[in-house]
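J.: Attaching a predicted model along with its sequence, questions to come.
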Amino acid sequence: MKRENGNSLTEIVCVLAIGGMIASVSVPHVAGMVGKAKVRGAIREIAAVFREARWHAVSKGKSIGVQFKKEQDLYLYRIYEDGNNNGIRTADINSGKDILINGPYQIKSRYGNVDFSILKGKPIRKIPPETGFIENPDDPIKLGKSDIASFSPTGDSSSGTVYISDEKDRMMAVVLFGPTVRIRVWEYVYEENRWRM
């Protein structure tokens with residue numbers, strides 16, 4: 001008896017069913033990994049901008065500032081150089097005394113649904129060593145009233161935190177410690193409502 005080459009309909013259906021099960025399990029996992037990578041990419045960009053601004057301030061002997069500003073529904077950031085030797089100030093930016101050297105940049109255009117934001121839906125704990133919960137979650141730029149991260153020619157900086165999220169369940173933050181100019185990146189663990197480095 002001669003055997004025919006090929007697969008039976010039953011074999012093909014089984015292979016398709018197994019493939020469908022694998023896809024249903026792996027697609028959400030891959031999508032989650034992509035979302036996490038986007039948030040990480042955006043937060044690394046901001047940490048790198050802070051490090052570069054500090055380097056420029058020290059090497060040029062001029063204060064450098066990274067200003068964050070909400071325009072319409074997007075946050076933009078710009079980098080300024082002190083033009084009158086009194087530090088980076090909003091009034092000097094508005095009058096043109098502090099000089100725009102880079103920007104405006106937005107992260108949403110490069111990282112999809114990722115933007116400067118704090119997750120909503122439940123109280124978010126503050127980043128250690130602080131305790132309690134983040135006040136005013138509508139403001140993801142916690143750099144004082146001016147929303148400027150300033151770096152001086154002596155190497156120190158202002159202090160504060162910048163939050164970035166996908167507005168679903170992924171969030172990270174860059175923390176700037178003024179006098180020591182330590183830049184720390186933290187990741188929020190949504191399921192446990194805690195931060196980790």
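T.: Structure's in. What do you need?
J.: Next, the contact list for residue 113, please.
T.: 38, 166, 167, 168 (CB atoms under 8 Å, 6 or more residues apart in numbering). Glycine gets a C-beta too; all of them are placed from N, C-alpha and C.
J.: got any ranges where the chain has weak pLDDT?
T.: Along the chain, segments meeting pLDDT under 70 span 1-9, 11-17, 19-35.
J.: Can you show me the strands along it?
T.: Assigned by DSSP state E, the chain shows strands spanning 64-71, 74-81, 99-105, 115-116, 141-142, 148-151, 160-165, 171-177, 182-189, 194-196.
J.: Pull up the pairing partners for the second one, direction included.
T.: The reference is to strand 74-81. Strand pairing for strand 74-81, determined by DSSP bridges: strand 64-71 (antiparallel), strand 99-105 (antiparallel).
J.: List the contacts of the most centrally placed residue in the chain.
T.: In the chain, the centroid-proximal residue (CA atoms, centre = their mean) is residue 43; its distance is 3.2 Å. Neighbouring residues of residue 43 by CB under 8 Å, 6+ apart: 164, 172, 173, 174, 185.
J.: returning to that earlier point: now, of the strands paired with strand 74-81, which is deepest in the fold?
T.: Among the strands paired with strand 74-81, the stretch with the highest mean neighbour count (mean count of other CB atoms under 10 Å) is strand 64-71, at a mean of 21.
J.: Mind exporting the C-alpha coordinates of it to CSV?
T.: Extracted as CSV, the C-alpha positions of strand 64-71 are listed here (Å, rounded to 0.1, in the frame of the first residue of the first chain):
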residue,chain,number,x,y,z
ILE,A,64,22.1,75.4,32.7
GLY,A,65,18.4,74.7,33.2
VAL,A,66,16.0,72.1,31.9
GLN,A,67,12.5,73.7,31.9
PHE,A,68,9.4,71.5,31.8
LYS,A,69,6.3,73.2,30.5
LYS,A,70,2.8,71.9,29.7
GLU,A,71,1.5,73.2,26.4
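J.: now that strand, how far from the centre of its chain.
T.: With CA atoms, centre = their mean, to the nearest Å as the basis, strand 64-71 stands 14 Å off its chain's centre.
J.: quick one: contacts of that strand?
T.: Strand 64-71 has contacts (CB under 8 Å, 6+ apart) with 49-50, 53-54, 56-57, 75-82, 87-88, 90, 93, 98, 101, 116, 141, 143, 146-151, 162.
J.: do that again at 7 Å, thanks
T.: 49-50, 53, 56-57, 75-81, 88, 93, 116, 141, 147-151 (CB atoms under 7 Å, 6 or more residues apart in numbering).
J.: Buried ones among those residues?
T.: In the contacts of strand 64-71, burial by neighbour count holds for 49-50, 53, 56-57, 75-81, 88, 93, 116, 141, 147-151, counting by 16 or more other CB atoms under 10 Å.
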